[in-house]
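Undergrad: Show me how the following folds:
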Amino acid sequence: MKKIIIFFGIVTLILSICSCAMNRPQNIKILAGSPMEHTCISCYPDIKTLYKSDHEIFFISHWGNCSRSENHELKWELYNKNGVKVYNTIQRNVKIRPHMFYSIKIYLDKSIKDSLIPGMYTVKLYLDGDLVKTKSGEYVPKSILNKNVNSAVILPFNDTSVETNIKFDASSLIINTFSSAFYHEARRIIPRTTPHYISERTVGDLSGPNCFKDKSCLNKIDSMFKDDIFISGNIRLSQFLVEISTLTVYVYNSRTGIVKRFSYSQHPGGERTYSELMHDLIKGVMHEKGFLDYLTSL
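TA: Below is the predicted model:
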């Protein structure tokens, strides 16, 4: 069992306080990888589709404004389209704390994949024997691995939200969240993908969107890594959510010299939190603007 605690130093920026009656979880998530520390876990979009080529997934329970309690049992169950249980696991001696996340890794071995059938699957979470949350997704028995690409690198994203007086700690969390979310999804397609916290040790100030517009800068990055694909992005979050917020992601193909740009914006309106905004920006670029489809097609 792995405990993941969201960074409390900027809780006013990221968290929305939600009631959690009778210590039921606020939400559950199904992710392609374990969220990096010092990130907004609720900002990560759930995986849209589970594929035969996936080797692991993570089930995560998110506890909102709950009371503290001890010695709980969390049981996770995975069902196929026909309602047949194909997997279950138990987390014991769980300590429930406000705004805490608990994650568990599920290895998708041959027996699980053979038991899943094309169509919808369902994940169920039980707290001390009582069903408290369910979530469904789609299983497609095909591979999305891109065998035409040997390797990829996630370069640190650039956060221009600091110009709107978002503090440094918040900016660091924002960069980590976006970079990590794109790393986990890219790794499903290109397994040899280097995360941003590794690449930043080498690139220093060369990373960021400006480098993707400068051929000499791209040549320097090529010489540093010798990889096929490089990914980075620019994040612009509106202060107080009153202006347009935009995420722009760049993909540089070192084999062809082509830079592809994916941009998604959200207009202000409604009672939205920063975590909801970040979630929608990531999901918008990945799915609506075709970032993941593009990686698969290279």
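Undergrad: Can you give me the neighbour number for residue 173?
TA: Using other C-beta atoms under 10 Å, the number of residues around residue 173 comes to 24. C-beta here means a position set from N, CA and C on the backbone, and glycine is covered the same way.
Undergrad: Tell me the predicted confidence for it.
TA: Listed pLDDT for residue 173 reads 90.
Undergrad: Show me what the one helix or strand residue 216 maps to is packed up against.
TA: Assigning secondary structure by DSSP states H and E places residue 216 in helix 215-225. Secondary-structure packing of helix 215-225 (3 or more C-beta pairs under 8 Å, 6 or more residues apart in numbering; DSSP states H and E): helix 196-203.
Undergrad: List of residues touching the helix it packs on?
TA: With contact meaning C-beta atoms under 8 Å, 6 or more residues apart in numbering, helix 196-203 is reached by 36, 153-157, 175-176, 179-180, 183, 207, 221, 224-225.
Undergrad: Swap in 7 Å and give it another go.
TA: Helix 196-203 has contacts (C-beta atoms under 7 Å, 6 or more residues apart in numbering) with 153, 154, 155, 156, 179, 183, 207, 221, 224.
Undergrad: Spatially nearest residue to the first one, not counting backbone neighbours?
TA: Looking back up the chat, that one is residue 153. residue 194 (4.5 Å; C-beta to C-beta, 6 or more residues apart in numbering).
Undergrad: which one's the longest helix in this structure?
TA: As assigned by DSSP state H, the longest helix anywhere in the chain is helix 168-189.
Undergrad: List every C-alpha atom in that one, with coordinates, as PDB.
TA: The C-alpha trace of helix 168-189 is given here as PDB (Å, rounded to 0.1, in the frame of the first residue of the first chain):
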ATOM      1  CA  PHE A 168       6.900  29.500  -6.700                       C
ATOM      2  CA  ASP A 169       5.800  26.400  -4.800                       C
ATOM      3  CA  ALA A 170       2.500  26.400  -6.700                       C
ATOM      4  CA  SER A 171       4.400  26.800 -10.000                       C
ATOM      5  CA  SER A 172       6.600  23.800  -9.100                       C
ATOM      6  CA  LEU A 173       3.500  21.700  -8.400                       C
ATOM      7  CA  ILE A 174       1.900  22.800 -11.600                       C
ATOM      8  CA  ILE A 175       4.900  21.900 -13.700                       C
ATOM      9  CA  ASN A 176       5.300  18.500 -12.000                       C
ATOM     10  CA  THR A 177       1.600  17.700 -12.500                       C
ATOM     11  CA  PHE A 178       1.500  18.400 -16.200                       C
ATOM     12  CA  SER A 179       4.900  16.900 -17.000                       C
ATOM     13  CA  SER A 180       4.100  13.700 -15.000                       C
ATOM     14  CA  ALA A 181       0.600  13.300 -16.500                       C
ATOM     15  CA  PHE A 182       2.000  13.400 -20.000                       C
ATOM     16  CA  TYR A 183       4.900  11.100 -19.100                       C
ATOM     17  CA  HIS A 184       2.600   8.300 -17.900                       C
ATOM     18  CA  GLU A 185       0.400   8.400 -21.000                       C
ATOM     19  CA  ALA A 186       3.400   8.700 -23.400                       C
ATOM     20  CA  ARG A 187       5.000   5.700 -21.800                       C
ATOM     21  CA  ARG A 188       2.000   3.500 -22.600                       C
ATOM     22  CA  ILE A 189       2.800   4.200 -26.300                       C
END
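Undergrad: Each with direction, which strands does whichever helix or strand comes after it pair with?
TA: The first helix or strand that comes after helix 168-189 along the chain, using DSSP H and E, is strand 193-194. Applying DSSP bridges, strand 193-194 is found paired with strand 152-154 (parallel).
Undergrad: Of all the residues in the partner strand, which ones are buried?
TA: Neighbour-count burial for strand 152-154 flags 152, 153, 154 (criterion: 16 or more other C-beta atoms under 10 Å).
Undergrad: same check, this time on stretch 47-67
TA: For stretch 47-67, the neighbour count (16+ other C-beta under 10 Å) marks 47, 50-51, 53-54, 57-64, 66 as buried.
Undergrad: In TSV: these, plus distance to residue 242.
TA: Below are the buried residues of stretch 47-67 laid out as TSV (distance: C-beta to C-beta, whole Å):
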residue	distance to residue 242
47	32
50	38
51	39
53	42
54	39
57	37
58	35
59	36
60	31
61	33
62	27
63	30
64	26
66	31
